[in-house]
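Student: sequence and predicted structure are below.
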Amino acid sequence: VPAKFASLGLTYDDVLLLPGSSDLNPSEIDTTSRLTREISLRIPLISAAMDTVTESRMAIAMAREGGIGVLHRNLSIEDQAYQVDLVKRTQTGMISNPITIGPDATLEELDQTCGEYRVSGLPVVDIDNRLLGIITNRDLRFTPVAEWASTKVDEVMTPMPLITAPVGISREDATAILRQHKRERLPIVDESGRLAGLITVKDFVKSEQFPNASQDADGRLMVGAAIGYFGDAWERATTLIEAGVDVLVADTAHGHVKLLLDMVARLKSDPATKHVQVIGGNVATRAGAQAFVDVGADAIKVGVGPGSICTTRVVTGVGAPQVTAVYEASLAAKAAGVPVIADGGLKYSGEIAKAIVAGADAVMLGGLLAGCEESPGDLVFVNGKQFKAYRGMGSLGAMSSRGKKSYSKDRYFQAEVTSDDKIVPEGIEGQVAYRGPLSAVAHQLIGGLNQSMFYVGARTIPELQEKGQFIRITAASLKESHPHDVQMTVEAPNYSGH
Ligand code: RVP
């Protein structure tokens, strides 16, 4: 019989990391870490699967920085798959199935498609995908906008013959051709004249600009997407896989549940799905983590109740303080070589290192990223200050049909509740300060982690996990840790009070 009282649970504010002897040069520090059994990231940050945090823009920005975004699932299967597609088409060495347009489309339709995919030109192909020409901003310049609805693409496109390249051309050769002919786009064409891909200058520039980017084997940005376990969950998972998702993330408040474990087991054994990485969760105990190890999960996500917008612990009385929960889960996961993700509850950059020392390989962030330019939702002005909305996926707003249909109620086991006044929320709706572009926010978070590693004397994340030692602290120490006995006059980019 397990003991009625487990031992004391600790969380981020209960501990500090002891400084360790260091013979490092800060520039040697490497934050590369494992996201799953098969995927590594240059920075161990994941944006949360929440409808005020991660849609395609955030996922693109996260992957460019070297982390990854998990697309939320409070939207239809098609819409979520479309978001995956938007990420997979961004910044690539070569786009293998470029967006194209037919010769009979109007310039108005062209303009719409270009806007939707944020591109400035498209290859023109016939029904058999044979390349007929290319149309870009430049070709549109001499047609007044008033005539766009009545002008066909093939009237103004630049027709074949174009400068093209054969399938399999190297990156260097492609760059040389683009440079020699001063072109921005190089269509890749097979022997029968069919369009097989597209290489653009913009993509090359982007890959130089984002040296840490998280890329798949074809050089495309990596992306994760949230799935459930209920109703059409299998269809969602397989549709996302078809769209090219790299990681499926079980997205539920309580993962230690048979239906979900069965789903992970099926995803990891079905020949059509088992190549995709699957993250199981959320759990907060060693037994919960062990259950996901046993069904073959590629990583385990930990966190029941630590989230800044979460009320699960007060509404249900269930949860476990996050540092202890991560440590307990890691005892099961590490023995099996499965990475652990600490999800929720991080308020400051210093807690990334605390999570890692407790046994995490990466952290998932909601509130710390919800204020970014790239998160969904508009800026709100309150008393001259800028904010962005941030809400729990278990909040009334996210689970009710207010606004639009909720697809993710099963995260809180309420899939079958149809009337809004019968919903039992486990989260709140709020707002966080606007923080500007993700690149600046990520810079501060990773800058903090680099300093943690230097102070502990760890060159790599595995070294940090091994060398890092906690000291338990008191409420008086916590007070000492924060600025005290002074009135703050200027907010720092990584600290605005507590
Ligand atoms: P935080 O980073 O502290 O804002 O927490 C984000 C995490 O909180 C999410 O990744 C998710 O696990 C959890 N969450 C999301 N919605 C809710 C809720 O409504 N209770 N909780």
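Tutor: Okay, I see it.
Student: ok, now how distant is V247 from L71?
Tutor: As for V247, its distance to L71 is 10 Å (criterion: Cβ to Cβ, to the nearest Å). Yep, even glycine has a C-beta here, placed from its N, CA and C like the rest.
Student: which of those two has more neighbours?
Tutor: Using other Cβ atoms under 10 Å as the criterion, V247 and L71 rank with L71 on top: 30 against 22.
Student: once you drop chain neighbours, what's closest to that one?
Tutor: A225 (4.4 Å; Cβ to Cβ, 6 or more residues apart in numbering).
Student: what's the overlap in contacts for V247 and L71?
Tutor: In terms of Cβ atoms under 8 Å, 6 or more residues apart in numbering, V247 and L71 are both contacted by the residues V223, G224, A225.
Student: how many residues are close by the last one?
Tutor: Taking other Cβ under 10 Å as the neighbour definition, A225 ends up with a count of 29.
Student: next up, the contacts around the residue of the stretch 251-400 of the chain at minimum distance from the ligand.
Tutor: At 2.1 Å from the ligand, G392 is the closest residue in the stretch 251-400 of the chain, using Cβ to the nearest ligand atom. G392 is in contact with M50, G307, I309, C310, T311, A398, P425, E426, G427, I428, E429, counting by Cβ under 8 Å, 6+ apart.
Student: thought the residue nearest to L71 was touching G244?
Tutor: No. Using Cβ atoms under 8 Å, A225 is not in contact with G244, being 10.1 Å away.
Student: anything in contact with each of those two?
Tutor: Residues touching both A225 and G244 (Cβ under 8 Å, 6+ apart): V84.
Student: what strand or helix carries S452?
Tutor: Using DSSP states H and E, S452 sits within helix 438-456.
Student: what about that helix, near the ligand?
Tutor: No. If you take Cβ under 6 Å from any ligand atom as the test, helix 438-456 misses the ligand, and the best it gets is 11.8 Å.
Student: shouldn't C310 be in contact with G430?
Tutor: No. Using Cβ under 8 Å, C310 is not in contact with G430; the gap is 11.5 Å.
Student: ok, those two, which is more surrounded?
Tutor: Counted by other Cβ under 10 Å, C310 and G430 do not tie: C310 has more neighbours, with 24 against 16.
Student: what's opposite that one in the beta bridge?
Tutor: Counting by DSSP bridges, C310 is bridged to G427.
Student: G66: how many residues sit nearby?
Tutor: Around G66 there are 21 residues (other Cβ under 10 Å).
Student: which residues does it contact?
Tutor: For G66, the contact set (Cβ under 8 Å, 6+ apart) comprises L41, R42, I43, F210, N212, A213, S214.
Student: can you check the pLDDT for the second one?
Tutor: The confidence metric pLDDT takes the value 98 at R42.
Student: does it really touch R34, like I thought?
Tutor: No. Between R42 and R34 there is no contact under Cβ under 8 Å: 11.6 Å.
Student: of the two, who's got more company?
Tutor: Comparing R42 with R34 by other Cβ under 10 Å, the one with more neighbours is R34, at 21 against 17.
Student: quick one: contacts for the closest residue to the more buried one other than its chain neighbours?
Tutor: Closest residue to R34 apart from its sequence neighbours, by Cβ to Cβ, 6+ apart: P339 at 4.3 Å. Shown in contact with P339 (Cβ under 8 Å, 6+ apart): S33, R34, L35, T36, R37, D298, A299, I300, A333, D361, A362.
Student: report the contact partners of the last one.
Tutor: Remark: with contacts taken as Cβ under 8 Å, 6+ apart, A362 is in contact with S33, R34, L35, L41, P44, L45, I46, P339, I341, A342.
Student: at 10 Å instead, please
Tutor: 33-36, 39-41, 43-46, 67-68, 279, 299, 301, 339-343, 352, 355-356, 461 (Cβ atoms under 10 Å, 6 or more residues apart in numbering).
Student: do the same with the fifth one
Tutor: Under the criterion of Cβ under 10 Å, 6+ apart, the contact list for R37 reads Q277, V278, G296, A297, D298, A299, A336, G337, V338, P339.
Student: before we move on, the earlier item: how far does the helix holding S452 sit from its chain's centre?
Tutor: Remark: helix 438-456 is offset 18 Å from the chain centroid, using Cα atoms, centre = their mean, to the nearest Å.
Student: packing partners of it?
Tutor: strand 15-17, strand 45-47, helix 56-65, helix 350-358, strand 362-365, helix 367-370, helix 461-467 (3 or more Cβ pairs under 10 Å, 6 or more residues apart in numbering; DSSP states H and E).
Student: and that helix, average pLDDT?
Tutor: In the prediction, helix 438-456 has an average pLDDT of 97.
Student: buried residues in it?
Tutor: For helix 438-456, burial by neighbour count (16 or more other Cβ atoms under 10 Å) applies to 438, 441-442, 444-446, 448-450, 452-454, 456.
Student: and stretch 416-433, by the same measure?
Tutor: V417, I423, P425, E426, G427, I428, G430, Q431, V432.
Student: could you tell me which residues of the stretch 301-450 of the chain lie near the ligand?
Tutor: Counting by Cβ under 6 Å from any ligand atom, the stretch 301-450 of the chain sits next to the ligand at 303, 307-310, 312, 343-346, 364-368, 392-395, 426-427.
Student: before we move on, back to that, got the phi/psi numbers for the residue of the stretch 251-400 of the chain closest to the ligand?
Tutor: When quoted as degrees, to the nearest 10, the phi and psi of G392 stand at phi -70, psi 150.
Student: likewise for D420?
Tutor: Torsion angles, degrees, to the nearest 10, at D420: phi -60, psi -40.
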